[in-house]
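Engineer: only geometry, no sequence info:
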């Protein structure tokens, strides 16, 4: 019972942070490992459990979802294809492979937020966005936590995108690409449904709350929060999988 309460509480927190910013599913992954799941099962269960956070964050912004899907259709397709490829890799490859690279991917995502935004993106930078989103999708399917941070890092390069719009776009891209990776996870049979359902409930409520907090903080504060979460998470995983 204590495990369920703990995971439910973490789910609410992850939902709030993912809905308002991103990267918080890094908090629930170690909790699932501590609950006795192996890393691969924990990653898949985590992905299924926190999935609703981004969806419920869009409840109050649903009128903007369709225009964003149309605007970012190429990015959505790229992220979804990447997510499917990454999920297949997680299901097939040995678990030791992905554990070792997680902290480095999170560091890259965190430090990319320090890049100054551009007044306008060139045609080359637009094409580069598609390649980056494909890579992020692969990361999403292969591990997951930090995907929101990476998506924001790519979208926030364009200063013409308001921070509230960037967050809504992030939630749309993450939700849709996660759907494709989650299908693979469900078929794989590695998901612990008791924990996934508990996380799902917590993340649903938390995501709705987080979505309503968007736009109430400045771009710098917003990026600082995400950077702190991502950087701290990278250090924790580096210690866990490389030093400990």
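Structural biologist: Alright, I've got the coordinates. Just so we're clear, the structure is a prediction, and the values are computed from it rather than from any experiment.
Engineer: I'd like the next helix or strand past the helix or strand where residue 129 lies.
Structural biologist: Assessed by DSSP states H and E, residue 129 sits inside helix 123-142. Scanning the chain past helix 123-142 towards its C-terminal end, the next helix or strand to appear is helix 147-155 (assignment: DSSP H and E).
Engineer: low pLDDT regions in this protein?
Structural biologist: When the per-residue scores of the chain are filtered using pLDDT under 70, the ranges that remain are 19-23, 109, 112-113, 115-121, 214-219, 222-223, 226.
Engineer: The host helix or strand of residue 81 relative to helix 147-155, how many degrees between them?
Structural biologist: When elements are assigned from DSSP H and E, residue 81 belongs to helix 73-92. Taking axes from the mean of the first three to the mean of the last three Cα atoms, to 10 degrees, one finds that helix 73-92 is oriented at 150 degrees with respect to helix 147-155.
Engineer: on contacts alone, who are the packing partners of helix 73-92?
Structural biologist: The criterion is 3 or more Cβ pairs under 8 Å, 6 or more residues apart in numbering; DSSP states H and E, and the helices and strands that helix 73-92 contacts are helix 39-56, helix 123-142, helix 163-188. (C-beta placed from N, C-alpha, C; glycine too.)
Engineer: Most tightly packed of those helices?
Structural biologist: The highest average neighbour count among those, using mean count of other Cβ atoms under 10 Å, belongs to helix 39-56 at a mean of 26.
Engineer: mind listing what's buried in the helix or strand that the helix holding residue 81 is followed by?
Structural biologist: Past helix 73-92, heading to the C-terminal end, the next element that is a helix or strand (DSSP H and E) is helix 95-111. The neighbour-count check on helix 95-111 (16 or more other Cβ atoms under 10 Å) flags 98-99, 102-103, 105-110 as buried.
Engineer: Let me know the closest of those residues to residue 180.
Structural biologist: For the buried residues of helix 95-111, the residue nearest residue 180 by Cβ to Cβ is residue 98; the value is 18.0 Å.
Engineer: residue contacts, that closest one?
Structural biologist: By Cβ atoms under 8 Å, 6 or more residues apart in numbering, residue 98 lies in contact with 39-40, 43, 89-90, 142-143.
Engineer: same thing but 10 Å
Structural biologist: Contact analysis of residue 98 by Cβ atoms under 10 Å, 6 or more residues apart in numbering lists 39-40, 43, 86, 89-90, 105, 139, 142-143, 241.
Engineer: With residue 207 instead?
Structural biologist: Residues in contact with residue 207 (Cβ under 10 Å, 6+ apart) are 11-12, 14-20, 50-59, 171, 175.
Engineer: ok, now with 7 Å
Structural biologist: 15, 18-19, 52-57 (Cβ atoms under 7 Å, 6 or more residues apart in numbering).
Engineer: Let me have those residues in JSON lines, extended by distance to residue 67.
Structural biologist: Written out in JSON lines, the entries for these read as follows (distance: Cβ to Cβ, whole Å):
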{"residue": "15", "distance to residue 67": "24"}
{"residue": "18", "distance to residue 67": "22"}
{"residue": "19", "distance to residue 67": "19"}
{"residue": "52", "distance to residue 67": "22"}
{"residue": "53", "distance to residue 67": "22"}
{"residue": "54", "distance to residue 67": "17"}
{"residue": "55", "distance to residue 67": "17"}
{"residue": "56", "distance to residue 67": "19"}
{"residue": "57", "distance to residue 67": "17"}
